[in-house]
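Visitor: I'll drop the sequence and a predicted model, then ask my questions.
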Amino acid sequence: MKMQVEMILYVANQAKSRDFYTFLLQIEPCLDVPGMTEFMITENLKLGLMPENGIVNILQPHTPHPASGNGIPRCELYLLLENIEPYIERMYSLNTKQISPLETRDWGHDVAYFSDPDGHIIALARTIRN
C-alpha cells in the first residue's frame, strides 16, 4: 500500500513560518497559497503550514483555538539527517530558542532541540556512528 503523509502545523503567521522553514530546510514550498504552504520533505512526506485562524473554522467549537497554545510545545518535527551541522547553524542564525544542545541520546542519535516561531519543537538528529 502506497501512502502519502502530510503533517500540518498550525501557525500564527503563514508568511513568517514559510520563510523560516524555507531557510531551515533549504527547499522552496511546492504549494504556497493563502491558507496553506507545503514543503515536499521526501517522496511520501509533506510538511504543511496552515494559519491558526483558518483551521479554527473547522475545529471550533469542538476544540480550543490553536492560538491558545502558542509557545506551548504541541508537536515535534524530528529531522534525522546525515549532516546536521548546517541545520544547527541555520537555527542559530534564525535566532531560534535552543531547547537542548547537541547531545548523544540513549536511543542512538545525537540530537539538538530547538523551537520554531510558534513553539513547535524541531529536533535535529543524526545516527551515532561507531
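Guide: Alright, I've got the coordinates.
Visitor: okay, CA-based contacts and neighbour counts for the rest of this
Guide: Fine.
Visitor: how about low-confidence regions in the chain?
Guide: Along the chain, segments meeting pLDDT under 70 span 130.
Visitor: partner residues bridging the residue nearest the centre of it?
Guide: Among the residues of the chain, the one closest to the centroid is residue 77, at 4.8 Å (CA atoms, centre = their mean). Residue 77 has these beta-bridge partners by DSSP bridges: residue 122.
Visitor: how close does the closest residue to residue 36 other than its chain neighbours get to residue 9?
Guide: Excluding the flanking residues, the one nearest residue 36 by CA to CA, 6 or more residues apart in numbering is residue 50, at 4.9 Å. In this structure, residue 50 and residue 9 are 6 Å apart, going by CA to CA, to the nearest Å.
Visitor: other SSEs contacting the longest helix seen in the chain?
Guide: Ordering each helix of the chain by length in residues (DSSP state H) puts helix 14-25 first. The helices and strands touching helix 14-25, judged by 3 or more CA pairs under 8 Å, 6 or more residues apart in numbering; DSSP states H and E, are strand 36-42, strand 45-51, helix 85-93.
Visitor: mind checking what helix or strand follows that helix in sequence?
Guide: Next in sequence after helix 14-25, counting helices and strands by DSSP states H and E, comes strand 31-33.
Visitor: so how far is that following strand off the chain centroid?
Guide: 17 Å (CA atoms, centre = their mean, to the nearest Å).
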